[in-house]
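S.K.: Quick one, fold the following:
(one chain, ligands or ions: 1)
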Amino acid sequence: MKKKLLGTLLSAAMVMSLLAGCGSTAQQPAADAAADTAAAVEETADAAADTADAAADTAADVEEAAEKVEEAAADAGAAGGNISIGFAQVGHESDWRTASTKSCQDVFSEANGYDLSFVDCDNDEAAQKEAVRSFIEQGVDYIIIDPIIATGWDTVLTECEDAGIPVIVIDRTIDDSDKYVSWVGSNFLTEGKAAGEWLKAYAEKQGIKEINALVISGSTGASAQIGRSDGFNEIAKREGWTILDEQTGDFTEAGGQEVMESYCKSYEGKFNVVVCQNDNEAFGAMTAMDNAGVAYGPGKDVILISFDACTAGLEDVKAGKISADFECNPLAAPFVEQVIQQLQGGETPDKEVFMEEHWYALPDQIVEFSIDGEPQKMTEVTDEVIAAQY
Ligand code: AHR
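M.R.: Residues are numbered from 1 along each chain as shown. Okay, here's the model as predicted:
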């Protein structure tokens, strides 16, 4: 627009100048008048050009400002367009839990298009249900629950359903309600059976005739505890082993140490197997056995079995302290994200998604065994395996 106006005025000025220049002497006054007019037009053109430039500058400023407003609007739109998620996590009791939390925070980041409200429920069932209700009030798009215990969920899940918020359960199961879209986690019963079947095969290989086991269980009522206890007890019963005692260490190192200290006093010289339902309990149990002078590990008085197979747990397998470690995979978040993306796309995700897991030992403790007729493969613990673990 500016260029067009300027061009027109300049052309007019040039034509007038040419007319003035072409005139004869006899026509001098007319030529002078034309020259004056041309000069005036040129002046006007200059002024118009200046005005056009100023207008252009103003327009550019306005355009820039408009762009900024547009960008801000787009940002606001993007923030508003993020998928909001409330995650009611069990707590922070173990290395496993830390890895699980990190997995969720990494996947459900703002950079990935999510707004994550994270609540560490500190192993408090009432606080966990409160957290879920606060997510309903917030009106989040999805709720993720890792249930501290397996029961007592139907009322609050009904509230989620009434609010139209899909619930995804991770890790531990909910056993008294199916009002959730999908569950992503581990088969704890299989983990427990794996530990039992491994012990049977390993004891046979070592010529150990009698099993007197002490179990340090996880948080009572958690599906991870129920499954591991049921699975191991099934094999123990079948094989006629003695379970001397089973007490909870609450999946913590302090709990494992406390229970093992009392076991060392009550069952001194009477046990040859200790089963800890997670690595942190095993760390505490080892401290208690060290203090009580109990020798544990392959070839020693006590076979120590653990679950989770976190980095520090596998280091203890490599160091010849834990005889076998049965993995519980905490990296569920990418699979939960798949579920959410399926829901976003209008698809129906699988009701159950099982995590892949491995059974770890050193070569001398790797034995062949099956679970319900299914042959199992054990993984040797090497430095590379440890470095790649969570
Ligand atoms: O629910 C998974 C269990 O809970 C893990 O074995 C344990 O480490 C965690 O605290």
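
S.K.: does the ligand sit close to stretch 190-197?
M.R.: No: between stretch 190-197 and the ligand, judged by Cβ under 6 Å from any ligand atom, nothing touches; the nearest distance is 8.6 Å. Where you see a C-beta, it was placed from the backbone N, CA and C, and this is true even at glycine.

S.K.: CA atoms only for that stretch - export them in PDB, please.
M.R.: Extracted in PDB, the C-alpha atoms of stretch 190-197 (Å, rounded to 0.1, in the frame of the first residue of the first chain):
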ATOM      1  CA  THR A 190       4.100 -65.700  39.700                       C
ATOM      2  CA  GLU A 191       6.900 -63.900  41.500                       C
ATOM      3  CA  GLY A 192       6.200 -65.800  44.700                       C
ATOM      4  CA  LYS A 193       5.900 -69.100  42.900                       C
ATOM      5  CA  ALA A 194       9.200 -68.400  41.000                       C
ATOM      6  CA  ALA A 195      11.000 -67.900  44.400                       C
ATOM      7  CA  GLY A 196       9.500 -71.200  45.700                       C
ATOM      8  CA  GLU A 197      10.300 -73.200  42.500                       C
END
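
S.K.: Which residues of the stretch 101-250 of the chain lie near the ligand?
M.R.: Taking Cβ under 6 Å from any ligand atom as the criterion, the stretch 101-250 of the chain approaches the ligand at residues 171-172, 224.

S.K.: Let me know the closest of those residues to the ligand.
M.R.: Comparing these against the ligand with Cβ to the nearest ligand atom picks out Ala224 as the nearest, at 3.6 Å.

S.K.: what's that closest one sitting at in phi/psi?
M.R.: Phi and psi for Ala224, reported as degrees, to the nearest 10, are phi -60, psi -40.

S.K.: burial of it, as a residue count?
M.R.: Here the number of neighbours of Ala224 (other Cβ atoms under 10 Å) works out to 27.

S.K.: could the residues of the stretch 101-250 of the chain next to the ligand be laid out in TSV, adding pLDDT?
M.R.: Putting these into TSV (pLDDT from 0 to 100) gives the following:
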residue	pLDDT
Asp171	98
Arg172	98
Ala224	98
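
S.K.: Below-threshold pLDDT in the stretch 51-200 of the chain: ranges please.
M.R.: For the stretch 51-200 of the chain, applying pLDDT under 70 flags the ranges 51-80.

S.K.: Now do the strands in it.
M.R.: Assigned strands in the stretch 51-200 of the chain, in chain order: 83-89, 114-120, 142-145, 167-170, 182-185 (criterion: DSSP state E, counting those that start in this stretch).

S.K.: winner for burial among the ones you listed?
M.R.: Greatest average neighbour count among these goes to strand 142-145 (a mean of 27), per mean count of other Cβ atoms under 10 Å.

S.K.: Partner strands of that strand and their direction?
M.R.: Neighbouring strands of strand 142-145 in its sheet, by DSSP bridges, are strand 83-89 (parallel), strand 167-170 (parallel).

S.K.: chain center to stretch 107-127: distance?
M.R.: The chain centre lies 9 Å from the centre of stretch 107-127; the measure is Cα atoms, centre = their mean, to the nearest Å.

S.K.: So in terms of bridging, what pairs with Leu214?
M.R.: According to DSSP bridges, the partner residues bridging Leu214 are Asp245, Val274.

S.K.: For it, grab the count of nearby residues.
M.R.: Burial of Leu214 is recorded as 25 neighbouring residues (other Cβ under 10 Å).

S.K.: contacting residues for it?
M.R.: Residues touching Leu214, when contacts are defined by Cβ atoms under 8 Å, 6 or more residues apart in numbering, comprise 243-246, 260, 263, 267, 271, 273-275.
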